[in-house]
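**Student:** Sequence and predicted model, in that order:
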Protein chains: 6
Amino acid sequence: MLIKIVAPIYSEDGNLTVKKFEEEINRELGFALQPDVNISFSCLRAGPTSIECFFDEKAAVPYILEEVVRAEKENQDAVIINCFGDPGLWAAREIAKIPVVGAGQASLLIASFLGEKVAIVTVVDKVCPLIRRNIRLYHLDSIVTSIRAVQIPVLEIEKKLDYVEDVILKESQAAIEKDGADVIVLGCTGFTKLSRKLYTKLSVPVVDPTLAAIKLAEMTVRRGLSQSKRKYPEVCEKERRGFTILANLTGLHG
Amino acid sequence: MLIKIVAPIYSEDGNLTVKKFEEEINRELGFALQPDVNISFSCLRAGPTSIECFFDEKAAVPYILEEVVRAEKENQDAVIINCFGDPGLWAAREIAKIPVVGAGQASLLIASFLGEKVAIVTVVDKVCPLIRRNIRLYHLDSIVTSIRAVQIPVLEIEKKLDYVEDVILKESQAAIEKDGADVIVLGCTGFTKLSRKLYTKLSVPVVDPTLAAIKLAEMTVRRGLSQSKRKYPEVCEKERRGFTILANLTGLHG
Amino acid sequence: MLIKIVAPIYSEDGNLTVKKFEEEINRELGFALQPDVNISFSCLRAGPTSIECFFDEKAAVPYILEEVVRAEKENQDAVIINCFGDPGLWAAREIAKIPVVGAGQASLLIASFLGEKVAIVTVVDKVCPLIRRNIRLYHLDSIVTSIRAVQIPVLEIEKKLDYVEDVILKESQAAIEKDGADVIVLGCTGFTKLSRKLYTKLSVPVVDPTLAAIKLAEMTVRRGLSQSKRKYPEVCEKERRGFTILANLTGLHG
Amino acid sequence: MLIKIVAPIYSEDGNLTVKKFEEEINRELGFALQPDVNISFSCLRAGPTSIECFFDEKAAVPYILEEVVRAEKENQDAVIINCFGDPGLWAAREIAKIPVVGAGQASLLIASFLGEKVAIVTVVDKVCPLIRRNIRLYHLDSIVTSIRAVQIPVLEIEKKLDYVEDVILKESQAAIEKDGADVIVLGCTGFTKLSRKLYTKLSVPVVDPTLAAIKLAEMTVRRGLSQSKRKYPEVCEKERRGFTILANLTGLHG
Amino acid sequence: MLIKIVAPIYSEDGNLTVKKFEEEINRELGFALQPDVNISFSCLRAGPTSIECFFDEKAAVPYILEEVVRAEKENQDAVIINCFGDPGLWAAREIAKIPVVGAGQASLLIASFLGEKVAIVTVVDKVCPLIRRNIRLYHLDSIVTSIRAVQIPVLEIEKKLDYVEDVILKESQAAIEKDGADVIVLGCTGFTKLSRKLYTKLSVPVVDPTLAAIKLAEMTVRRGLSQSKRKYPEVCEKERRGFTILANLTGLHG
Amino acid sequence: MLIKIVAPIYSEDGNLTVKKFEEEINRELGFALQPDVNISFSCLRAGPTSIECFFDEKAAVPYILEEVVRAEKENQDAVIINCFGDPGLWAAREIAKIPVVGAGQASLLIASFLGEKVAIVTVVDKVCPLIRRNIRLYHLDSIVTSIRAVQIPVLEIEKKLDYVEDVILKESQAAIEKDGADVIVLGCTGFTKLSRKLYTKLSVPVVDPTLAAIKLAEMTVRRGLSQSKRKYPEVCEKERRGFTILANLTGLHG
C-alpha cells in the first residue's frame, strides 16, 4: 500500500525537510507502522513556512491541492494532509478519488472513541480560531472540552524541544485537572517530535495526529473505501485561471 | 464613504464584466443605495469563472485576498466579497483592518432578524455542502430550515433569465409550504439580476445577498466598527512563497 | 425616512425625559446618523420606570404596543423598542406592518457578525434571566459567552456616571480575558450615555444597542423589507377588553 | 390543599364561564383528583376572549398577574395558569411565593417522561410560533417532534365538538405514523372537553395539559417546594404606573 | 394505590435493610405521602451492594428486572427503581405495562420545572460518567449546569452522617455561587437520610430523588398513564438463557 | 496481534455458530484482514439468541462481560463486542485494560469521516430506540440523518438472504434520495453475510460494523492506546453477588 504524506508547508531546502520529517516519523511512530505500507513524503513548492492562521491556510491550499493531484497521478492509495488544521481537506476530497485524510480530523475521531472530554494542546493562540472552525465543522463541539496553547510558534518548536515538552505536559495536566479532559490530542503535527515521550508521561491517552492519520488512511484503503462522492462531488470542468493544477485538472478523472 | 465590491471570479473580459455588474447593481438595488456611498467594483485577475464547489473556492481565494489588500491600500472604507459562499472571508478579515463583509453571512443575519425559519434558494446541488459549511460556522443551523437548488449553473443564469425566475419562485413557494419557511434568501449573487421582480412575487420577505452586504458594510463603517481583532488577529510576518500578495503584505499595517 | 424610538418606560415628566434622551442620542450617536433619517422619540403614558425583570416587562408591554400602533398611524417607516430586553417585540411585530426593531436583538446580530464569542455587560443580576431568555429565543446560545452585571440599577446610572464607566470597563476586560470574549455588547440602553467613551477604551469592538437598532431599522426600510408575516401573522379581530389599544386595533390594517 | 386555576381569558359572563369550566374539569378529570385538594376557578376581569397569538398573550398577562396576586392573598397553596401557551408564567413566578404552574410546561414535562418523541396537537397555525417559543425556552426542542394544528379557533371548539374530536384523532394518528411520535400532548386547554374520549382512542399516551398542571401543582405543594427564587427573584419596589396590581404589589411579601 | 420501591442493591440481611429503608422513607418523606398510597419495598436477591459505576449497574440490572416483573405480578400500580443512576430503566419499561419510574429522571424533571440551572450533588467521581450518560439521554444537557461529588462512597454515608451533611451543603453552596445553580438535586438516594435537614438549609429548592419518584409515580397512576409502548415496545418471545426471569417472562402479558 | 470477537448472543450449538461466524468473516471481510492479526471468536454461554431491544441487551450483558474478562485473561490485545447496539460497551471498558471496541461506535466514527449525513439501515423497528440511544451517547445526533429498518428479525436473515439484500438496497437507496444520506452504515452485524455484495451496489460508501471494529481495534493496539481510565475508571472491589464473573473480578488487575 502506498501512502503519501504531504507536509503542507514551503521550505527553502525542501529535500532536507522531507528527509528530516521522514526520519522523525520513523523514529517516533515507527513502532506502529506496518511492513506492507510504503510511506512517502513531500512538502510544497511554494506557500507559507508554517500554518498558524486562516491566511496561512489559504496561502498553502493551492499548493496542497497540487500535491494531492500529484499523489493520485503517482497511484498512491491514499494521501494525508499533515497539519492539525486540515487545510484544504474538503477541496482535496473533491478533486481526488483516493481517500484524503486530515491529521486533525483523524486524531479527533480516534480521541472521541477513547474518551468523552477531549482537550487539544496546540502551539499559539492565533491558531485557535482555525481549530475551533474545524471542531464545529466536524460536529465535535460537545466533545472537545478545551483548547490550550503553549505559546510557541511552529518554527520555534525544534529549537527548544525540552521546554516545549515541559509546557505541553503542564498544559495537558491542567486540561485534565481543570477542564476534566480524559484524552489529550496533540494539536500540532510539529509535536510528533516529542510523541513517544509524551505518551508515557500522562495518565490519559495521548493522540498524535500524524499517527492517527496514517492508521486511518491504512484502514480506509484496506477496506476499499473513500470519501463519499455525494458529499464531495467530482469537480466539473470550467475555466479556472492561475494555477498549474487548474490547467491539468481537466481529464484527470477522464 | 467608499465601498469596494469584489466579484470573486475571473472573467476573460474583466472590464466588461465589471461594467455589466455595476449596471445590474444600480438597476436592481439602486433604490436602496445612498448618495454619500461610493461603490466601486472589481473582479479577479485570475481564478475560476464561477464558485460552485470547495475547489472553486480555494482556487479563487488567493486572488480575492489580493483584491482585499488592494481595497485597503486604496483607502476604501469597507470591502464586500460578493459571493453567497463567502470565499476567503475569515482570511480576508485577518489581513484587513477595514470591515470585510460576506454577502452570504450578511443575508443570513438579516434573514434571521425578519423571521425564524429561513430557506435558501441556490443554483446547483454541488454548492450545497459549501453553503451548509457556512451555516454551521455561523451557528445558524437551527434557523435555516432548507436549502433548495434550481439546478442552473451560475454561468447559465444570464442565458435563461425567465426560466430561472420561474424555478426560483417555484422552489421558494415549496420552501414556504413544505419546509415552513418564513423568509427566503437568494443563495447566489447571480440572482440579483432578478432581485426586484422576486421581491414582489412572494408572500414572505426575500433577502438579496448583495444588498444585505452593502447595507451591513455601510452600517459598520458609519458606526466606526470592524471585525474583532481577537477573533481575526493580525497576520504575522513569515516567509510565504508564491503570491504577489505575500511579497507585499509585509509592512501593510506598518 | 421616519423612525420612532420608543423608550419603553414611564416617566413622571415624560417631555423632559424625551428631550434628554434625544440630546443623548444626538451627542453620543450623532456621528453615525444620516441626514435623511428623521428620528423622533416617545416614552410610555404608564408602566414601570425601568425594566429589570419579567414583571417589569409585562407591566410595560401594553403601553409599548400602544406606542407601536401610534407610530404606524403616524406613518413612521420603522419603530424601535429601545430596551435591551426587547419587551413586547414579537407582539409588536404582529400588530405592525412597519418593521419593529428591538435594540437587544439588533445589537446581538451585529455582534455575531463582528466576532464569535460575544459578552454582554448589563446592569443587575435580576435582569439576566430575561436576557438569557432572549438569547435562547434568537438561537444565539452558542455565540454569547457570558453575561456580566455591573450591579447598578438602571435608575442609578445617571447619578454615578464615572463609576459606571469604570465598572463597565472592568467587567468588559474580565469578559475578554476570562471568558474569551471578542466583542462586547452594552446590555442596557442606559449605557448609551457612555457610548463614545467606551468605544475607544477596549481592544475589541463595542456594540451600542440603540445605535445597532437605528442602523438596522434604516437598512430594513431602505431595502423595503419588514418582519415576515408568516412568523408574525396579522392579529385577528376578537373581543379584547381592557386597553385603549384594543378598542382601536380593529380596522387598523383595514 | 387549595389550588386556584386561572382561565386566562375574559368572558362577558364570567360566572357562567367559571361554572361551566368547573363542571368540565370535574366531569373529564375528576377520576384523577384527590379529596383533600380543593380546586377553585377564576377567569380574568378583562383581556382577550382567547389566546392565539403573541398579542393576545400580552393583552391577557396584566390581568393574569392580578389573579396570581389574588390567589396568593387568598392563601391558595398553588396557582395554575390554564392555557397551553403559559402566558405570563415567568413574571407570575417572580411576584408569587407559592408555586405557579403553567399547563403547557407541565404537560410537556410529563410527556417527556412517558416517551421521547412528543407531538403537540393544537388549534390553529397562528398559535404555533408561541408554542415553539415555549418549547425552546423549556429546552425541549429535541424532544418535540412536531406541532400540528386542527385549524379550529378556540372559541369554535365547543360548537363542533364531534368534528374537533375527529380532527384531533386524525392529526394525532398522522403525528404517530409520519412524525414518529410516541406521546401526544393536547396543545390547548380547550381540548379538555374531549379528554376522556381521546385517552382511549390512540395507541400512545395522551397528555391533558390541565390535568398535568393540577397533578404537578399538588406534587409541588406536598413536597413543600416552589419555583427557585434565584431564577425568579422577588420583584423590587419601584414606581409602576397603570395597573391596580401595581399599586397593591408593594407590601405583598412584606 | 400500590407502589413498589425497588432498592436496586443486594444486602446480606435483606429484611433488615428493607425495614430500615422503610423507616427512613417514612421519617424523612412521610410529610408528603398520601393515605391512599400503599408503598412497599424490596431489595435484590443478588447483585452489587451499591451502584457507583457502569459495571455495578450491569451487575444489578438482571435482578432489578426480576423485581419489576414481580411487582407487576403482585398487581402493583407502579414500580420505582430507587437509584439516582436509573439502572435498567428502559429495559424495565419494555417488560412492564405498569409505569416504571426512575428516581434520577423524576428528580431532574421536577428540578427543570423549578429553575433553569440545575446542579447535582452526588457521592463519588466514579459515578459521574453514569450520571452524565443519563442527562444526555434525557436531553437535559443544557439544563444541568454542574455535577459535584462529595467523595463519600454510598456505603460510607450512614457511618458519617454529620460529615456528609456538611459536605453536601458545602458543595451545594459552591454550585449556587460558582456554577450559577438555581436548583439542587440530591444525586444519590442514599442522601434521603438527610433530606429534611437539607431542605431547610439552602437558599434554592432541593429535590430528593426518592420523593420525586414517588410523587411522579402517583401522578402517573392517578392519570391512568404509563410509558409509551411505541418507545418501549413489548418484548417479543425468543430463547433467552440464564435468568429465572427469562424463563418466566413468556406468558407474562399473555 | 490477538483480537477476540465476541458475538454477544447465546446459541444452542455454540461451537457450530462460532465456526460459521468465522467462515463468514473470512469470506466477506478477509480481503481487509492482515496476516499478523489473529482473530478468534466466541459467543455467550447464556443470554438471548439475538439483541433487538433493551431487555435483550440487559440479558446479554453479564455474559458479555464474562467474555471480556476471559479475553483479557487470555492475553488478547483487544476485544470486540460484535453487535451494532454495543451492549455493555461502557461497563466492559471499566473492567478491561485492553481496548474494547463496539461495532456500532466503530462504524459510526468511520462513517462520520467519509461523509456528513449518515443513514443506518437496520433490522426491525424495535431496535431503533436502542440505536438512537447510542447515537445520542456518542454525540452523533447531528450526523445521523435517518435510521431505516428492513423489518426482518436477526434470526430470519440467514433464511432469506436474497430478499434481505433486496430490501437493504431499497432502503439504502431511499436513504440516499429522500434523506440526503451520503454514507450507509449496515446497522446489524448480521448483515455482514451480504457485505461484499452491498459494497458494490450503492453509489455511496457502505460501512460494515464488524470490519470497522476490527480495523479500529488493530489501530488502537498498534498505537499502544486504550480507553481512557478517567472516563472508564477501574472497578473497585465490593461485594457483588450473583455472577461467576463477579467472584473472579477481584484480583484481576491486582
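**Tutor:** In hand now; what should we look at?
**Student:** use CA for all of it now, contacts and neighbours both
**Tutor:** Will do.
**Student:** how about the CA coordinates for the helix or strand harbouring A:Phe55, as PDB?
**Tutor:** Under DSSP states H and E, the secondary-structure element containing A:Phe55 is helix A:54-73. In PDB, the C-alpha atoms belonging to helix A:54-73 read as follows (Å, rounded to 0.1, in the frame of the first residue of the first chain):
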ATOM      1  CA  PHE A  54      -6.600  31.500   8.200                       C
ATOM      2  CA  PHE A  55      -4.300  33.500   5.900                       C
ATOM      3  CA  ASP A  56      -1.500  30.900   6.100                       C
ATOM      4  CA  GLU A  57      -4.000  28.200   5.300                       C
ATOM      5  CA  LYS A  58      -5.400  30.000   2.200                       C
ATOM      6  CA  ALA A  59      -1.800  30.700   1.000                       C
ATOM      7  CA  ALA A  60      -1.000  27.000   1.300                       C
ATOM      8  CA  VAL A  61      -4.100  25.400  -0.100                       C
ATOM      9  CA  PRO A  62      -3.400  25.800  -3.900                       C
ATOM     10  CA  TYR A  63       0.000  24.100  -3.500                       C
ATOM     11  CA  ILE A  64      -1.500  21.400  -1.200                       C
ATOM     12  CA  LEU A  65      -4.100  20.600  -3.900                       C
ATOM     13  CA  GLU A  66      -1.200  20.300  -6.400                       C
ATOM     14  CA  GLU A  67       0.400  17.600  -4.200                       C
ATOM     15  CA  VAL A  68      -2.900  15.800  -3.800                       C
ATOM     16  CA  VAL A  69      -3.400  15.700  -7.600                       C
ATOM     17  CA  ARG A  70       0.200  14.500  -8.000                       C
ATOM     18  CA  ALA A  71      -0.300  11.800  -5.400                       C
ATOM     19  CA  GLU A  72      -3.200  10.400  -7.300                       C
ATOM     20  CA  LYS A  73      -1.300  10.500 -10.500                       C
END
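**Student:** quick one: A:Leu198 from chain C, how far?
**Tutor:** The spacing between A:Leu198 and chain C, counted by Cα to the nearest Cα, to the nearest Å, is 28 Å.
**Student:** And the next helix or strand past the helix or strand where that residue lies?
**Tutor:** A:Leu198 belongs to helix A:195-200 when elements are defined using DSSP H and E. Next along the chain after helix A:195-200, taking DSSP H and E as the criterion, comes strand A:206-207.
**Student:** Which other helices and strands does that next one contact?
**Tutor:** helix A:103-114, strand A:183-186 (3 or more Cα pairs under 8 Å, 6 or more residues apart in numbering or on different chains; DSSP states H and E).
**Student:** Does anything pack onto the helix holding A:Leu198? Which helices or strands?
**Tutor:** Using 3+ Cα pairs under 8 Å, 6+ apart as the test, helix A:195-200 ends up in contact with helix A:14-29.
**Student:** interface residues of the stretch 51-200 of chain A facing chain E?
**Tutor:** Within the stretch 51-200 of chain A, no position lies close to chain E (Cα under 8 Å from any Cα of the partner chain).
**Student:** neighbouring contacts of the helix holding A:Leu198?
**Tutor:** The contact list for helix A:195-200, computed with Cα atoms under 8 Å, 6 or more residues apart in numbering or on different chains, reads A:Glu28, A:Leu29, A:Glu165, A:Leu169, A:Pro205, A:Val206, A:Asp208.
**Student:** Quick one: residues contacting the residue in the stretch 51-200 of chain A that chain D sits nearest to.
**Tutor:** When scored by Cα to the nearest Cα, the stretch 51-200 of chain A has A:Ser142 as its residue closest to chain D, at 15.4 Å. Contacts here follow Cα under 8 Å, 6+ apart; on that basis A:Ser142 touches F:His139.
**Student:** From chain C, how far off is it?
**Tutor:** Summarising the geometry, the distance separating A:Ser142 from chain C, computed by Cα to the nearest Cα, is 11 Å.
**Student:** wait, does the strand ranked longest in chain A contact chain F?
**Tutor:** Looking only at chain A and at elements set by DSSP state E, the strand with the highest residue count is strand A:2-10. No: Strand A:2-10 lies apart from chain F when judged by Cα under 8 Å from any Cα; the minimum separation is 15.4 Å.
**Student:** and that strand, what other elements does it pack with?
**Tutor:** When contacts are defined as 3+ Cα pairs under 8 Å, 6+ apart, strand A:2-10 sits against strand A:38-44, strand A:47-48, helix A:54-73, strand A:78-81, helix A:209-222.
**Student:** OK, contacts around the closest residue to chain E within chain A?
**Tutor:** For chain A and chain E, the shortest gap (Cα to the nearest Cα) falls at A:Glu116, measuring 9.2 Å. Each residue near A:Glu116 by Cα under 8 Å, 6+ apart is listed here: A:Ile143, A:Ala181, A:Asp182, A:Val183, F:Lys231.
**Student:** what about the second one, how many neighbours?
**Tutor:** Using other Cα atoms under 10 Å in any protein chain shown, A:Ala181 is surrounded by 26 other residues.
**Student:** Got phi/psi on the closest residue in space to it that isn't next to it in sequence?
**Tutor:** If the residues on either side of it in the chain are set aside, A:Ala181 comes closest to A:Lys117, at 4.8 Å by Cα to Cα, 6 or more residues apart in numbering or on different chains. Torsion angles at A:Lys117 (phi, psi; degrees, to the nearest 10) stand at phi -120, psi 100.
**Student:** pretty sure A:Lys117 contacts A:Asp182?
**Tutor:** Yes: applying Cα atoms under 8 Å as the test, A:Lys117 and A:Asp182 come out as touching, 5.4 Å apart.
**Student:** quick one: low-confidence ranges for chain A?
**Tutor:** Scanning chain A with the threshold set as pLDDT under 70 gives A:243-254.
**Student:** Contact residues of it facing chain B?
**Tutor:** A:10, A:46-49, A:53-56, A:58-59, A:61-62, A:88, A:90-92, A:94-95, A:126, A:129, A:133, A:136-137, A:231-233, A:235, A:238-243.
**Student:** can you do 6 Å?
**Tutor:** Remark: the part of chain A in contact with chain B comprises A:Ala46, A:Gly47, A:Pro48, A:Phe54, A:Phe55, A:Ala91, A:Glu239, A:Arg240, A:Arg241, A:Gly242, using Cα under 6 Å from any Cα of the partner chain.
**Student:** The helix holding A:Phe55 to helix B:54-73, inter-axis angle?
**Tutor:** Calculated by axes from the mean of the first three to the mean of the last three Cα atoms, to 10 degrees, helix A:54-73 forms an angle of 150 degrees with helix B:54-73.
**Student:** residues near the residue of chain A found nearest chain C, how many?
**Tutor:** The minimum distance from chain A to chain C, using Cα to the nearest Cα, falls at A:Pro129 (9.2 Å). Neighbourhood size, A:Pro129 [other Cα under 10 Å]: 19.
**Student:** Same question for A:Leu155.
**Tutor:** Using other Cα under 10 Å: A:Leu155 sits among 12 other residues.
**Student:** ok, now which ones touch A:Val127?
**Tutor:** Listed by Cα atoms under 6 Å, 6 or more residues apart in numbering or on different chains, the contact set of A:Val127 reads A:Glu52, A:Cys53.
**Student:** host element of A:Thr145?
**Tutor:** The secondary structure element spanning A:Thr145 is strand A:144-149 (assigned by DSSP H and E).
**Student:** Just list what that strand packs against, helices and strands only.
**Tutor:** Helices and strands touching strand A:144-149, by 3 or more Cα pairs under 6 Å, 6 or more residues apart in numbering or on different chains; DSSP states H and E, are strand A:118-122.
**Student:** who touches the strand it packs on?
**Tutor:** Residues outside strand A:118-122 that contact it (Cα under 6 Å, 6+ apart) are A:143-149, A:181, A:183-188.
**Student:** out of these, which is most surrounded?
**Tutor:** Ranked by neighbour count under the definition other Cα under 10 Å, the contacts of strand A:118-122 are headed by A:Val183 with 34 neighbours.
**Student:** That one reaches A:Ser203, doesn't it?
**Tutor:** No: look at A:Val183 against A:Ser203 with Cα atoms under 6 Å: they stay out of range, at 9.1 Å.
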